[in-house]
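Student: need a structure here:
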Amino acid sequence: MELCAAYGIPHSQLMGAGTGRWTALDRAKALAYLHFTRAVCEGCGTRPSEWDEAAGGDRFAYVAESHRCSGCELIEMEQEQVPQGPEARGVKIGLRPRTE
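Tutor: Next up is the predicted model:
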């Protein structure tokens, strides 16, 4: 379904059985996939149902771990150089490959 969403095509067409027209089943699958992806927490990448024991989840299914991302570190260091106040509104720091 991720490919279908990326290309905007019905699942039946991806599987080689469709004509490119959206069937009721294709629409149901697309809506279910949309619901599934929107349920993911942007911060940790889990879903509430994974934690809810009443829904079959396991409160201890995950173990927290830390890691350092050099790219995120560089972005944070550059963000510290942006002056505070109105002139900082809308300033975003990103990464791009170095060109030589």
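
Student: which one's the longest helix in the protein?
Tutor: In the chain, assigned by DSSP state H, the helix with the most residues is helix 24-38.

Student: pLDDT of that helix, averaged?
Tutor: Regarding helix 24-38, the rounded mean pLDDT is 94.

Student: do stretch 60-69 as well
Tutor: Here the average pLDDT along stretch 60-69 is 92.

Student: so which bits of it are buried?
Tutor: Across stretch 60-69, burial judged by 16 or more other Cβ atoms under 10 Å covers no residue at all. Where you see a C-beta, it was placed from the backbone N, CA and C, and this is true even at glycine.

Student: equivalent analysis for stretch 23-41, please.
Tutor: Asp26, Lys29, Ala30.

Student: and that stretch, C-alpha only, in PDB?
Tutor: Provided in PDB are the C-alpha atoms of stretch 23-41 (Å, rounded to 0.1, in the frame of the first residue of the first chain):
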ATOM      1  CA  THR A  23     -12.800  -0.400  -7.000                       C
ATOM      2  CA  ALA A  24     -14.700  -0.300  -3.700                       C
ATOM      3  CA  LEU A  25     -12.000  -2.700  -2.300                       C
ATOM      4  CA  ASP A  26      -9.200  -0.500  -3.500                       C
ATOM      5  CA  ARG A  27     -10.800   2.500  -1.800                       C
ATOM      6  CA  ALA A  28     -11.300   0.500   1.400                       C
ATOM      7  CA  LYS A  29      -7.700  -0.600   1.400                       C
ATOM      8  CA  ALA A  30      -6.500   3.000   0.700                       C
ATOM      9  CA  LEU A  31      -8.600   4.400   3.600                       C
ATOM     10  CA  ALA A  32      -7.400   1.600   5.900                       C
ATOM     11  CA  TYR A  33      -3.800   2.300   5.000                       C
ATOM     12  CA  LEU A  34      -4.300   6.100   5.600                       C
ATOM     13  CA  HIS A  35      -5.800   5.300   9.000                       C
ATOM     14  CA  PHE A  36      -2.900   3.000   9.800                       C
ATOM     15  CA  THR A  37      -0.200   5.500   8.900                       C
ATOM     16  CA  ARG A  38      -1.900   8.400  10.700                       C
ATOM     17  CA  ALA A  39      -2.000   6.400  14.000                       C
ATOM     18  CA  VAL A  40       1.800   6.400  14.200                       C
ATOM     19  CA  CYS A  41       3.300   8.800  16.800                       C
END
